[in-house]
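K.L.:
Provide a 3D model corresponding to the input given below.
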Amino acid sequence: MKKALLIYFQDFHTVNNGGSLVNKRNAEMVTQILGKENVDFYFVNNTKKRSLLSLAFAAFLFPFGYFNGLTPSKLKSIIKMSNKYDYILINTSLFGIIAKKLKENCYKGKVICFFHNIERYYYEARVSKKLPFRNIVINCAAKNDEYSIKHASISIGLCERDCNILQKEYGKEFDAIVPVTFNDKCEVKNYDLQILTNKRPKCYFIGSNFPANSEGLLWFVKNVLPHVDIDFKVIGKDMDLLKNSETCLKDITVLSNVPDLSQYFEEADFMIFPIFSGSGMKVKTCEALMYGKNILGTIETFEGYDIDTSTCGRLCNTAKEYIDTIKYFAENPVPKYNVYSRSVFETKYSNAFALKVFRELFQ
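P.N.:
Model (predicted):
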């Protein structure tokens, strides 16, 4: 039986965000195909809390293409152990330098690079313009994107948009696209399909305190919320920190670091996802589809999803569109369980679909 080494930035079991859910999915796919005993893991940062010295050293290495925790010694150890494996799956294009060095050292197996985003664009949105070394970080991310697409035996991306960007910038597309998918955790029998939204619908924002999320949330609170009558809640990792720093959130219910989000997906009549920037696909959109939710989102919210936005909810890109849509649904209630959203998840965004693609890649 063939063996695989899966390389990650950190242990995805210790992190609860969209990227970690995709990383966990990838691990499950490879393990199902090759068997648990034939899959090993390498976590570049294998401690929960890194020392100031290690952080400073990581910053020093950015100009040399070593992103956030990867070091020459760690790369050397990966190259040394690589010949034991038929496949090496690098679960972020931020470590494209690994693919480059493996190729230079005549690694004979398949190097597979998984792109969560076009990382240059991701860090352009994430890193503050006030940070003195912003350009160094962004250039390092861009360099590793290029290494990943040029030196991987197989490249995998989440969506066509990222594929088109790579083709334009580096002249090469993804070899495969595997969108965000989930292991189905929704028990449809928990829903009362007859329950309709009332005149004050429950509209929830779910997402971690991350720039693209906080930007969209604050925009909604300032420009839409004052003009609609809804039961609005914010649920997400470290969102309490945002509430403490933003006065516009002081009267809003914010639930931070909730271990299980299923209750809130089931409670909500509508998911409110006003996202205006980013790359890749939005994991929370897939999760909302899994729970059969009505989604009010922007173009960015639905990026990469093959879906009729007018049937799963509405496409809202402006404050007026959000206001008009929410008022319309308050006056014209719809079932809180959206059969179409659930159907789209089952046919296109469940792990069963992803497994088929992974089986073709790991042959």
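K.L.:
alpha carbons only for contacts and neighbour counts from here, please
P.N.:
Fine.
K.L.:
give me the number of residues near residue 45?
P.N.:
16 (other C-alpha atoms under 10 Å).
K.L.:
List the residues that contact it.
P.N.:
The contact partners of residue 45, taken as C-alpha atoms under 8 Å, 6 or more residues apart in numbering, are 9-11, 69-70.
K.L.:
Let's see which of those residues end up in strands.
P.N.:
Of the contacts of residue 45, the ones assigned to strands by DSSP state E are 9-10.
K.L.:
and which of the contacts of residue 45 is nearest residue 35?
P.N.:
Among those, residue 11 lies closest to residue 35 (C-alpha to C-alpha), at 19.5 Å.
K.L.:
Is the closest one in contact with residue 46, as I believe?
P.N.:
Yes. Taking C-alpha atoms under 8 Å as the definition, residue 11 is a contact partner of residue 46 at 6.9 Å.
K.L.:
between the two, which one's more packed in?
P.N.:
More crowded of residue 11 and residue 46, by other C-alpha under 10 Å: residue 11, with 19 against 13.
K.L.:
how far away is the more buried one from residue 358?
P.N.:
21 Å (C-alpha to C-alpha, to the nearest Å).
K.L.:
next one: residue 289
P.N.:
Distance from residue 289 to residue 358, by C-alpha to C-alpha: 22 Å.
K.L.:
all strands for this protein, in order.
P.N.:
4-10, 39-45, 87-90, 110-114, 154-157, 176-177, 202-206, 231-236, 253-256, 270-273, 294-297, 313-315.
K.L.:
Of the ones you listed, which is nearest residue 99?
P.N.:
Closest to residue 99 of the strands of the chain is strand 110-114 (C-alpha to C-alpha; 6.5 Å).
K.L.:
Quick one: distance of the closest one to the chain centre.
P.N.:
Centroid separation for strand 110-114 versus its chain: 19 Å, with C-alpha atoms, centre = their mean, to the nearest Å.
K.L.:
which other helices and strands contact that strand?
P.N.:
strand 87-90, helix 96-104, strand 154-157 (3 or more C-alpha pairs under 8 Å, 6 or more residues apart in numbering; DSSP states H and E).
K.L.:
just those: most buried one?
P.N.:
Stretch with highest mean neighbour count among those: strand 87-90 (a mean of 25; mean count of other C-alpha atoms under 10 Å).
K.L.:
Residues contacting that one, please?
P.N.:
Counting by C-alpha under 8 Å, 6+ apart, 2-8, 82, 96, 99, 109-114, 362 sit against strand 87-90.
K.L.:
can you check stretch 160-167 too?
P.N.:
Contacts for stretch 160-167 (C-alpha under 8 Å, 6+ apart): 117-118, 149, 157, 172-174, 177, 279-280, 303-304.
K.L.:
of all these, which comes closest to residue 218?
P.N.:
Nearest to residue 218 among the contacts of stretch 160-167, with distances taken as C-alpha to C-alpha, is residue 279, at 19.8 Å.
K.L.:
so how many other residues sit close to the nearest residue to the closest one once chain neighbours are set aside?
P.N.:
Setting aside the residues directly before and after it, residue 279 is nearest to residue 117 in space (C-alpha to C-alpha, 6 or more residues apart in numbering), at 5.1 Å. For residue 117, the count of nearby residues is 24 (other C-alpha under 10 Å).
K.L.:
So residue 117 is in contact with residue 277, correct?
P.N.:
No. Counting by C-alpha under 8 Å, residue 117 does not reach residue 277; the two are 11.9 Å apart.
K.L.:
tell me which helix or strand of this structure sits lowest on mean pLDDT?
P.N.:
Ranked by mean pLDDT, DSSP states H and E, the weakest helix or strand in the chain is helix 52-61, scoring a mean of 83.
K.L.:
Can you list the low-confidence ranges for the chain?
P.N.:
48, 188-198 (pLDDT under 70).
K.L.:
What residue spans form the domains of this protein?
P.N.:
Following automatic domain parsing, one finds the domains of the chain at 4-178, 188-348.
K.L.:
returning to that earlier point: tell me the most packed of the contacts of stretch 160-167, by neighbour count.
P.N.:
Neighbour counts for the contacts of stretch 160-167 peak at residue 149, which has 28 neighbours (criterion: other C-alpha under 10 Å).
K.L.:
Residue 172 is in contact with that one, correct?
P.N.:
Yes. Proximity of residue 149 to residue 172 meets the contact threshold set by C-alpha under 8 Å, at 6.9 Å.
K.L.:
Now do the contacts for residue 258.
P.N.:
Neighbours of residue 258 in contact, by C-alpha under 8 Å, 6+ apart: 235-237.
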